[in-house]
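Trainee: sequence unknown, structure follows:
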């Protein structure tokens, strides 16, 4: 099985532990990731705050590159990247004029032929049975609170992935691997990652709400599939503890970390050791 | 000198691909907004301001930059108004007209610096981005306190190999990225001018 | 030989100003078939009509053309005048020289020339007209009312009171409908059951009403005045004639924990049951899907205990066919479900309100049962999860209503009123409780309605927040389950979070399941949501486009009790108008088939919008099949003529607009 | 010279087939509101567009119509529920046939005009008269009708 | 083809021998060597049946004839296009389908006159007979059906496109020339399996819908009427063109409507048993871009 791979800036920068985890996990599962040649940034929040055209053009360039390389399915593990790519793809598919305009702007023909998938969808494509056949280690010591954040399911009409209010796809995977996911209330609440530098105060409040709720419902780890959520909840946790004088001690892991552990990979191989809040393996 | 409210509304609607008059002000967007509690004008009010043609007043609101783009508002809107898209449009208008709420000029500078960074490198170089932003922002507000905030986050990031002075793999064709930026800027300009004619 | 009189009207100045009526009358004189041509100031006036009548009588005219206004204005007038003089009313034609000539053409020459041509068209048509006789259809003076809620009950009682037989069909074991489950009614707060129960008893005892509960309409055939209806009486397993309603059976039934649909599953019933104590008829049914006897053949306690010997485990569904002349549909409504699974693809549930998985998030009809003295909690508003009396209730309006994204676009009309009532009833029971209402607009048009809402706010202290709720989550706080309701108050512009003990959703009113299937059986139209369509929104509000079928109550659109009752009486009145005649007279301008030429290709059968045409056998005197032909049912044909256009051999023709007449009109323009 | 004169004097003959419940009432409304339009049109009132057979249109050309107008209730508004839908389907096919036969489809006009659209009726008739005036007499069909006379 | 002919004779003989049918309507050869319809009633006469590329006539027309009905239960030899006519007749309740035994021939296309391959056969939308009781021939021998788009480019459809490409005046002139030859013999009506009215509207007076004499006016009116009555029904068997003594390619007019039916409604006549008639039904989404 092979997927095109669009790491995005985060996975090549401050969230390179996510890339490490994803790659290790898929190596073990025999899934090949072919990184998109000369990809560029998707533009993230900045592009659609400053110039809407750019917010379509930057992902469109990547779509065009993917198409040119004959890539049918492109994995973007970062939900922000994946959402921007999907949004651009739909705009291009829906309107001939946009298609022509974008092909002109990005200097490559683009039709939106490449399908964009997120990390969870890749696991679904591999199949739970195939994953289970390679499991060496049960995750039964973990009570994960699966945290989807904003952009894995929103906007639902664009992404058409899982239930936008009560998603359950990560739980399904983790339950199969032996973990006992908890029911909690903030699966899709925003952690404020986008504001982590500009407005740390609010971010700490939001992060507190989420981590505390997960803890209250008995979770011993928060599992996410978003580099920004992970970074934010992990790195800002010290500030949360300080502000609310509350011991949280909630490790924040990637979905691929959890799957990787079940496949017998070590925390070092997965980059879990580089997280701020330590996961007791 | 005042601009036609009609034209401004049309601009917002075009940028956001939505019809603001669909909104019946039910407040569900504000109800679900994680930041509504701190906003000067919640999403419901922003849309109302656009409906009444007070687009520039809306664009100058702090809340435009307090939005975390979580899309909860758009997702739950009973009338399928693209509220987050309207906020994005207001951001763009506020930047283009330089009417951003003073308190959030740092945020705008960050976004601009972010794009400049991509324009130059094709991808973000986080260390360069943060350094450049802190610098321009310092020259904007002269606050050493703000400039140095978060510096303490840097060391543990470095020790965790999460920050790099040189990003992993550079983009080869950087010129095309620049051309994409320039074309998008030019398109926006010509579209606005057309509308004004 | 045709003897046609042409009467040109001046309409005062209206026609005469732009049309030279004298010249017109003169020019018409020489047309073939025209025997006399006259003009007069006001043809529609008494003297004008007398003029026509006198001319018919004195000259022996066989047909009349009146050149005046639109036939929509006065065709009936002149037809009546002609009939009075002994000329067949369908031998009257009109030339519209006012609306379509003098009023729209300023040039007198042009207008005069056109007027002459318009009259020539009418004369040519009339030359080819033939006298028609009105069609009489016999009427079966018996009505079928479908649905035994308050609307159906009212319609049935009204029709029966006029002395006509009524069959009242109700699909549930008891009549009463939704109203029987309500607590108290706005704006008077009188007890719902106190008003309704006597009427329920009355329909059961009325000598003219045949009540068929636990029954559904299976098939409808025929047409106005002559419907043949097949009704399925579902197996009750209890002989209602033997049963005395003593209650021994349901009191003794060991299977006691079956959720009672009448209480919207908030209370329980037995396997043999009456849905509620005041049920009419007070005769139980056995729920064969839950009864132990039907599972393993054992138990049979009810059978042993029944002194009357009314239990019959071998009962089967029965099909009964009834002849009726009119049908009143009163199938009512149900509440929109917020659940994830929806039958209508345009509707999705409310994930943000938990898709109904939180036990203490209930809908308004459930709340009615909770505060009803006859409800499962005896009127104590105990919340479903743990039976605690809620100290704080959030009421949310417009759930599913006015929601294009998830629900329906329309306003459900009654929710504002009953929510105000709910807050009052709650506050009357829990004096220190808090009632929060999230609303978008308060729609309280109606007698004493707005005063009622103000009372809830001003006297009973309900706290109204203008805004929708975005999300409900459940959280245990200090050992108690709370519902965290996140809404907004758009008047302050601030988000509002309420930690509530219970949430009541005022869900949209939607037509009952199966209403559209019934509408199809009756050839009644319905809208995108399944509400049945009235014939005209203003002038024919209880009629449908299917002649002889009438509507009342919430099956036509959201409605409260007074409106439903008023509409039910209106529908009954329409039925009685029909029944006041022995025969139904219909316009003879309908299609007929030349059966000797029809090749029975079925084109007309398929094209007819009224299913008025059927293929029939033509038999010779000995009863041998000669051929097949299509045949028009004069009771059903409405005279659109679509059949004529699709008939290749023109073996079908439309009276009043026959091929001959229309061709004559066109050829007159040569 | 003579030719030009006759062209100027040309008054198109237009035959309209309209339904009784929408367009006929729309035309009545135009009258009630005194909305003026050219006098070239002759209305044949039929119960429904469903009744308007293609033969009638051909007949109209045979008697010398320069243009034919067919109009009824808007979709969904038919007095007889569906007559206009039936008519619409026939027109779709009929137009294709006439087009290949070289019969000018721009001389056959279809429209939906409701009882409330008096102004639309006025506008529609005025436009058609103007358009037909520009097209000139329908010599094409006349050459068929009067073939023997030549 | 020879093997098909052999199989056909075997089948016919068997059907008659086993008294499954009373008559086999098929193709035979006249004394002059022309292919003509034959009505075989005895098993031994089955040898007279032929199957070759001259079998262009549509025999279905006989099914509704009273004199043929008198012969008893028939079996009929049909090409796939003819089989579609049977479907239409069934849908229009003109025949009792179960009372007829239909022998469908796998068809490579027939010759029109003078041995030319028929330009209507290349645009046939089903060379393999459907809805028949027995198929004679192998599916592999049937030419591949062209797609909707391919058919547009070739055969008679191409001819229609050529006419469409002319100016309206040229089109009218073309048809005037064609129809001026029409003598109103109604051979087209007689040969068409789907013209079965008891009395044709063209023969009716009060009112006279179309002039009865062979004037150009009447000829136009007649041909428009004939074509439109077959709209959505014509199965493109070509019987009308073959029958016309004046050599007018009447089938072209029918195909114009057939192609319109396919374009606008995805309707292919005679392909579905129980199909509703195209005219006489409707969809709320039918196009109306031409309606003002």
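Mentor: Now that the structure is in, tell me what you want to look at. All figures in this text were calculated on a predicted structure; none of them were measured in a lab. Numbering: from 1, shown residues only, chains lettered A, B, ... in the order given.
Trainee: Per-residue pLDDT of whichever residue of chain A sits closest to chain E, please?
Mentor: Residue nearest to chain E within chain A: residue A:96 (19.1 Å; C-beta to the nearest C-beta). From N, CA and C alone the C-beta is placed, and that goes for glycine too. The predicted structure scores residue A:96 at 91 on the pLDDT scale.
Trainee: tell me, how many neighbours does it end up with?
Mentor: 9 (other C-beta atoms under 10 Å in any protein chain shown).
Trainee: So which residues of chain B form strands?
Mentor: For chain B, applying DSSP state E gives no strands.
Trainee: centroid residue for it?
Mentor: With distances taken as C-alpha atoms, centre = their mean, chain B has residue B:91 as the residue nearest its mean C-alpha position (4.6 Å).
Trainee: Excluding chain neighbours, give the residue nearest to it in space.
Mentor: Of all residues not flanking residue B:91 in the chain, residue A:49 sits nearest, at 4.2 Å (C-beta to C-beta, 6 or more residues apart in numbering or on different chains).
Trainee: you'd agree that neighbour is up against residue B:90?
Mentor: No - assessed by C-beta atoms under 8 Å, residue A:49 is found out of contact with residue B:90, at 9.5 Å.
Trainee: For the residue nearest to residue B:91, identify the helix or strand it belongs to.
Mentor: Residue A:49 is part of helix A:44-50 when elements are defined by DSSP states H and E.
Trainee: same deal with residue C:475?
Mentor: Secondary structure (DSSP H and E) places residue C:475 in strand C:469-477.
Trainee: How about residue A:250?
Mentor: Per DSSP H and E, there is no helix or strand for residue A:250.
Trainee: so which residue of chain C comes closest to chain A?
Mentor: residue C:351 (2.8 Å).
Trainee: which parts of the top helix by length along chain B are buried?
Mentor: In chain B, with assignment by DSSP state H, the single longest helix is helix B:174-196. Using 16 or more other C-beta atoms under 10 Å in any protein chain shown as the test for burial, helix B:174-196 gives B:174, B:176-177, B:180-181, B:183-184, B:187-188.
Trainee: pLDDT of stretch A:252-262, averaged?
Mentor: Per-residue pLDDT over stretch A:252-262 has a mean of 96.
Trainee: ok, and does that stretch reach over to chain B?
Mentor: No - judged by C-beta under 8 Å from any C-beta of the partner chain, stretch A:252-262 stays clear of chain B, getting no closer than 13.5 Å.
Trainee: how many neighbours does residue B:149 have?
Mentor: Count around residue B:149 with other C-beta under 10 Å applied: 13.
Trainee: ignore the last one, residue E:206
Mentor: For residue E:206, the count of nearby residues is 10 (other C-beta under 10 Å).
Trainee: residues touching it, list them.
Mentor: Listed by C-beta atoms under 8 Å, 6 or more residues apart in numbering or on different chains, the contact set of residue E:206 reads residue C:660.
Trainee: Just read off the phi/psi values of it.
Mentor: phi 50, psi 70 (degrees, to the nearest 10).
Trainee: what does residue A:34 give?
Mentor: Backbone torsions for residue A:34, taken as degrees, to the nearest 10, come to phi -110, psi 110.
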